[in-house]
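Chemist: sequence and predicted structure below; questions after.
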Amino acid sequence: MAPPRSYRTEALTLRRSPLGEADLLITLYSKDRGKIRAVAKGARRPVSKLVGHLEPLIRVQLSLSVGRNLDIITQAQVLNSFNPLKEDLAGITKGLYIAELIDGFGSESQSNPAMYHLALDILTAIAGNPASELPLRFFELRLLLASGLMPELYDCVQCRKPVAPEGHRFSPNFGGTLCLDCNPPEARIRPISLRALKVLRLFHHTPSSKAPTLNLTPTLAQELKTLLASTISYWLEKEIRSNSLMEQIQRDSKYAV
């Protein structure tokens, strides 16, 4: 029996770019098919029925036809446009950061429902509190978990003994915590406080639909950001463009009169 020539799927739009005179190339992360790159024919024309349905950060129900190289979007229905998130500059840049990491870690034609629902849950959390950085840290740790790249947070990754309180360090490229006795020469080792380790363990055990609300000191927040950023960068192996934009907005807001 020949494979079906069309299908339907639910997806989150990640990014779009012009293609030809009037088409759009859309990158999506779907609930049941993983990452999809598809063409929306004529979507740049004002009269197109797809106008407004394929902007970044929209949860959408799609009908697609199977193409030779790229599938073709034939219908789109918006399920959630995350409008509260897009009304705030800090919120939308955080949303684009989420989209960029899903694009980087998601695999084409390989479903990962945990990653899909994580993205939706965190976008909802950001929309509810655009100023908070905590949902991003929670997302980063849970994204590593959903990708099968979760760092070790309980035992030494070299000797496999449980790490003792105040007796541990962290290596992004070696896979997590190290005890004070283990010093593998290839490991990039950085300090990690007991408080930071406890927060990461809390993230590990908390479902993505219940992102925790914590009051972090600026020092602890910066430590978590640095630890997770170094781990994300190690696995992604490329610059995260939206991260620079977020940092610029934070600097501008800090010095705004």
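Modeler: Yes, it's here. Numbering: from 1, shown residues only.
Chemist: for the rest of this, base every contact and every neighbour count on C-alpha atoms.
Modeler: Fine.
Chemist: and the helix or strand of the chain with the lowest mean pLDDT, what's buried?
Modeler: Here the helix or strand of the chain ranked lowest by mean pLDDT, DSSP states H and E is helix 241-254, holding a mean of 73. Residues of helix 241-254 classed as buried by neighbour count (16 or more other C-alpha atoms under 10 Å): 242-243, 245-246.
Chemist: give me the helices and strands touching that helix, please.
Modeler: helix 89-105 (3 or more C-alpha pairs under 8 Å, 6 or more residues apart in numbering; DSSP states H and E).
Chemist: gap between the two ends of stretch 42-59?
Modeler: 21 Å (C-alpha to C-alpha, to the nearest Å).
Chemist: hang on, I meant stretch 83-92
Modeler: Span of stretch 83-92 from end to end, C-alpha to C-alpha: 9 Å.
Chemist: dig out what residue 19 forms beta bridges with.
Modeler: residue 23 (DSSP bridges).
Chemist: what number of residues lie near it?
Modeler: Residue 19 sits with 16 neighbouring residues when counted by other C-alpha atoms under 10 Å.
Chemist: that one contacts residue 25, correct?
Modeler: Yes. The pair residue 19 and residue 25 passes the contact test of C-alpha atoms under 8 Å, sitting 5.9 Å apart.
Chemist: quick one, strands of the stretch 1-150 of the chain?
Modeler: Listed in chain order, the strands of the stretch 1-150 of the chain (DSSP state E, counting those that start in this stretch) span 6-19, 23-30, 34-40, 59-65, 71-80.
Chemist: contacts for the fourth one?
Modeler: Going back to what we said before, that points to strand 59-65. Residues from elsewhere that reach strand 59-65 (C-alpha atoms under 8 Å, 6 or more residues apart in numbering): 5-13, 53-54, 71-81.
Chemist: residues in contact with stretch 97-112?
Modeler: Against stretch 97-112 from outside (C-alpha under 8 Å, 6+ apart): 14-15, 27, 29-36, 57, 115, 119, 123, 136, 146-147, 236, 240, 242-243.
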